[in-house]
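Colleague: need coordinates for the below:
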Amino acid sequence: MLLAGIVLLACGLRMVNLDWDRGSHLHPDERFLTIVSDEVSAPDGPAEYFDTAGSPLNPANHDHWYVYGTAPLFVTKGVSAWLHDGAATGAQPARAVVVGLDRIGVDLLDPARRTHLRLGIPQ
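Modeller: Below is the predicted model of the structure:
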């Protein structure tokens, strides 16, 4: 019960004031991840993906010494692109996720109800 209480308290504290940095990305790790995820892009095919020196998904090809691993980078890039593109075109379920998050206080839509989420970096 004590562990469950601690976890619930931690979740509650984490979910309050989600815009603590007011869009300025003050935490260095989160800022760096969004900068790198904005710069990488999808390769044209498997051959380009496996060409380490030329792959657009390789952070080293964008002058970054990236040590966090590719899983967090690819997940961040993929989810943010899916949410942005889906919300912008009205495709479901991405649009429903963005609207739902906006309704509970995660500021993802401007007053005209358009997304201002761009590949992980709020505009």
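
Colleague: going by C-alpha atoms from here, please, whenever you check contacts or count neighbours.
Modeller: OK.

Colleague: what comes up buried for the longest helix anywhere in the chain?
Modeller: Using DSSP state H, we find that the single longest helix of the chain is helix 70-89. Using 16 or more other C-alpha atoms under 10 Å as the test for burial, helix 70-89 gives 73-74, 76-78, 80-88.

Colleague: the helix or strand following that helix packs against which elements?
Modeller: Per DSSP states H and E, the first helix or strand lying C-terminal to helix 70-89 is helix 94-103. When contacts are defined as 3 or more C-alpha pairs under 8 Å, 6 or more residues apart in numbering; DSSP states H and E, helix 94-103 packs onto helix 70-89.

Colleague: for the helix it packs on, what is the average pLDDT?
Modeller: Averaged over helix 70-89, pLDDT sits at 83.

Colleague: hang on, the earlier thing: got the buried residues of helix 70-89 as a markdown table, with distance to F50 columns?
Modeller: A markdown table is the format used below for these (distance: C-alpha to C-alpha, whole Å):
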| residue | distance to F50 |
| --- | --- |
| L73 | 16 |
| F74 | 15 |
| T76 | 20 |
| K77 | 18 |
| G78 | 18 |
| S80 | 23 |
| A81 | 22 |
| W82 | 23 |
| L83 | 27 |
| H84 | 27 |
| D85 | 26 |
| G86 | 28 |
| A87 | 31 |
| A88 | 31 |
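
Colleague: what two of the residues you listed are the furthest from one another?
Modeller: L73 and A88 (22.2 Å; C-alpha to C-alpha).

Colleague: and M15, what pLDDT?
Modeller: So M15 comes in at 78 (pLDDT).

Colleague: gap between it and V97?
Modeller: From M15 across to V97, the span is 17 Å (C-alpha to C-alpha, to the nearest Å).

Colleague: equivalent analysis for R14, please.
Modeller: Applying C-alpha to C-alpha to R14 and V97 gives a distance of 19 Å.

Colleague: what about those two, which has more around it?
Modeller: More crowded of R14 and V97, by other C-alpha atoms under 10 Å: V97, with 14 against 10.

Colleague: how about the nearest residue to that one, chain neighbours excluded?
Modeller: Counting by C-alpha to C-alpha, 6 or more residues apart in numbering, L83 is the residue found nearest to V97 once chain neighbours are left out, at 7.6 Å.
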